[in-house]
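**Student:** Turn this into a structure:
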Amino acid sequence: MDKLNPTVPADPTINISSLIDVLNYFHPVSEEVKGYLREHIHACNFPKGKLILKAGQVCEHIYFIQKGAVRGFIKDGRKDVTTWITAENELVSSISGFADQEPALENMQTIEACEMLVMSFNDLQNLYEQFPEFNIVSRKLLQHYYRDAEGRAFIARLSNAESKYKYFISNNPHLVNRIPLKYVASFLGITLETLSRVRRKILVSRSK
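**Tutor:** Here you go, the predicted model:
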C-alpha cells in the first residue's frame, strides 16, 4: 500500500461480520465468498483528517467503514467543495479512480478517526471471476449507490436553502448532529451563515 494508505498494519484476527451483514442485506453471501473475503480483506485505522486519496491518483482500494465518517471533496480554487459524506456500514472509493483505474476526480478524507476494512482492486476483480454470484451483490450495491447519487443531484437542483437542508436531514438523520457544519454547508452548496440561519429557523418552528 502506498503512503496515502492505512497507517496501521492488517490484523490477522480481523472481524468482517459487519461487512457480511451489509452484503447479506442485498443478497445472501455463500460460505465460499465469505472465506475469500476473510483471506483478502485487511483491517486498517486512519486518524481524523487523513487524506486517503488525492484527486489525480489511481485508487487501488475499496473501503468499508466500520467506525467513523468520510467525505469526498474537490478543489475549486482555494476552496474545498464537499461532494459526499458518509459513515458506518458504507463502502467508499473513487468511481472513476477505482472502477476504471483512471485518475480520481475527487479527494477522499476522514472526518473522524476511522476503522476500515480494505480490499484491493485486483482482489475484487478475482472475486467476481471466481464467484459469479457475487456479481449480483455488486449489482444491487451499485443500484443502492446510484440512488444516493440521484439524491445528491436532487439537492444540487434545489434553489431554496431550507429545502436543501430538510432533504439532507430527512435522508441522513445519523449525520445531522455529527458532521461539522462547514462540511454540510459545502455539500449543500450554501454558506455556513445561511445553514446556521436555516437550522435556527427549523429549531424554532419545532419548539412551537
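**Student:** Distance-wise, check the residue nearest the centre of the chain relative to residue 69.
**Tutor:** Of all residues in the chain, the one closest to the mean position by C-alpha atoms, centre = their mean is residue 92, 3.8 Å from it. Applying C-beta to C-beta, to the nearest Å, the value for residue 92 to residue 69 is 10 Å. All C-beta spots, glycine's among them, are computed from the backbone N, C-alpha and C.
**Student:** overlap in contacts of those two?
**Tutor:** Here residue 92 and residue 69 have residue 86 as joint contacts, going by C-beta atoms under 8 Å, 6 or more residues apart in numbering.
**Student:** Looks to me like residue 62 is in a helix.
**Tutor:** No. Counting by DSSP: H, G, I helix; E, B strand; the rest coil, residue 62 is not part of a helix but strand.
**Student:** tell me the contacts of it?
**Tutor:** 91-93, 98, 118-119, 121, 124.
**Student:** mind redoing it with 10 Å?
**Tutor:** Listed by C-beta atoms under 10 Å, 6 or more residues apart in numbering, the contact set of residue 62 reads 41, 91-94, 98-99, 116-121, 123-124.
**Student:** Show me the longest helix that occurs in this protein.
**Tutor:** helix 134-157 (DSSP state H).
**Student:** Mind listing what's buried along it?
**Tutor:** 134, 137, 141, 145, 155 (16 or more other C-beta atoms under 10 Å).
**Student:** which helices and strands does it pack with?
**Tutor:** Secondary-structure packing of helix 134-157 (3 or more C-beta pairs under 10 Å, 6 or more residues apart in numbering; DSSP states H and E): helix 17-26, helix 31-40, strand 79-86, strand 91-92, helix 121-130, helix 161-171, helix 181-188.
**Student:** Starting from the third one, tell me which strands it pairs with and how they run.
**Tutor:** This points to strand 79-86. strand 70-76 (antiparallel) (DSSP bridges).
**Student:** In PDB, could you pull the C-alpha coordinates for the partner strand?
**Tutor:** Taking C-alpha atoms only, strand 70-76 is exported to PDB below (Å, rounded to 0.1, in the frame of the first residue of the first chain):
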ATOM      1  CA  VAL A  70     -15.600  10.100   5.500                       C
ATOM      2  CA  ARG A  71     -16.200  12.800   2.900                       C
ATOM      3  CA  GLY A  72     -15.300  13.300  -0.800                       C
ATOM      4  CA  PHE A  73     -14.300  16.700  -2.000                       C
ATOM      5  CA  ILE A  74     -12.900  18.600  -5.000                       C
ATOM      6  CA  LYS A  75     -10.800  21.800  -5.100                       C
ATOM      7  CA  ASP A  76     -12.400  24.900  -6.600                       C
END
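**Student:** List the buried residues for it?
**Tutor:** 70-73.
**Student:** now these as CSV including distance to residue 86 and pLDDT?
**Tutor:** Converted to CSV, the buried residues of strand 70-76 look like this (distance: C-beta to C-beta, whole Å; pLDDT from 0 to 100):
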residue, distance to residue 86, pLDDT
70, 6, 98
71, 8, 97
72, 9, 97
73, 13, 97
